[in-house]
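In: Sequence and predicted structure are below.
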Amino acid sequence: MRLSNLADYAVVTMSAAARHCGGARTSAAELAAETGLPAPTVQKLVSKLSKAGLLRSVRGAGGGLQLARPAAAITVADIVEAVEGPIALTQCVEAAECDYERSCTVKPHWPIINQALRGALAEIPLTQLAAEARPQDRPEEREVA
């Protein structure tokens, strides 16, 4: 399974936004500059993330974007679902009918698998992604045995 580029960029954008938490506000343009993502893409993501209740736009002097709730209360699952919709490895779970449904013994198990995947992503808070990666966390800095 691979996340779409947009979901990946949403995680990157939210990580950058989380580094501004504590009352500081930022803008879509600042987030684009910090992340290296195209400004139109970040603007699109800001819209989706705001609709999902993850970002909040504050108007007026000193306005801008801020997290809608504490970074510790936002997970990778929340971010991915804001962009992609419900986390599912297959579409057959949502499909009303499938050509192979009569002989499929796996379909009843997909909701369990999907929930396990969502649960794993829900265990990763935004605070963890916003923190500076330690050398042992960086693949390029691990010693090869």
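Out: Nice, thanks for sending it over. Source: prediction; values computed, not measured. Numbers count the residues shown, from 1 in each chain.

In: center of the chain, which residue is that?
Out: The centroid of the chain falls nearest to Ile79 when counting by CA atoms, centre = their mean (2.8 Å).

In: which residue ranges form the strands in this structure?
Out: Taking DSSP state E as the criterion, the chain carries its strands at 55-58, 64-67.

In: How far does the last one sit from its chain's centre?
Out: Which is strand 64-67. 16 Å (CA atoms, centre = their mean, to the nearest Å).

In: now swap in stretch 30-39 and tell me
Out: Relative to its chain's centre, stretch 30-39 lies at 16 Å (CA atoms, centre = their mean).

In: same question, stretch 110-129
Out: Centroid separation for stretch 110-129 versus its chain: 11 Å, with CA atoms, centre = their mean.

In: For it, the averaged confidence score.
Out: Taken as a whole, stretch 110-129 has an average pLDDT of 92.

In: try stretch 72-81
Out: In this model, stretch 72-81 has an average pLDDT of 96.

In: Please report how far the residue nearest to the centre of the chain lies from Ala61.
Out: 29 Å (CB to CB, to the nearest Å). Where you see a C-beta, it was placed from the backbone N, CA and C, and this is true even at glycine.

In: again with Pro86
Out: Taken as CB to CB, the span from Pro86 to Ala61 is 39 Å.

In: who's more crowded, those two?
Out: Pro86 (11 against 5; other CB atoms under 10 Å).

In: Quick check: closest non-adjacent residue to Ala29.
Out: Ala39 (6.0 Å; CB to CB, 6 or more residues apart in numbering).

In: Any figure for the gap between the one you found and Gln66?
Out: Taking CB to CB, one finds Ala39 at 19 Å from Gln66.

In: These two: which has the busier surroundings?
Out: Between Ala39 and Gln66, Gln66 has the larger neighbour count (other CB under 10 Å), namely 18 against 13.

In: Please enumerate the helices of the chain.
Out: Secondary structure of the chain (DSSP state H): helices at 5-18, 28-35, 39-51, 76-84, 110-122, 126-130.

In: Quick one: closest of those to Ser103.
Out: Ranking those by proximity to Ser103 (CB to CB) places helix 110-122 first, at 15.2 Å.

In: residue contacts, Lys48?
Out: Applying CB atoms under 8 Å, 6 or more residues apart in numbering to Lys48 gives the contacts 10, 82-83.
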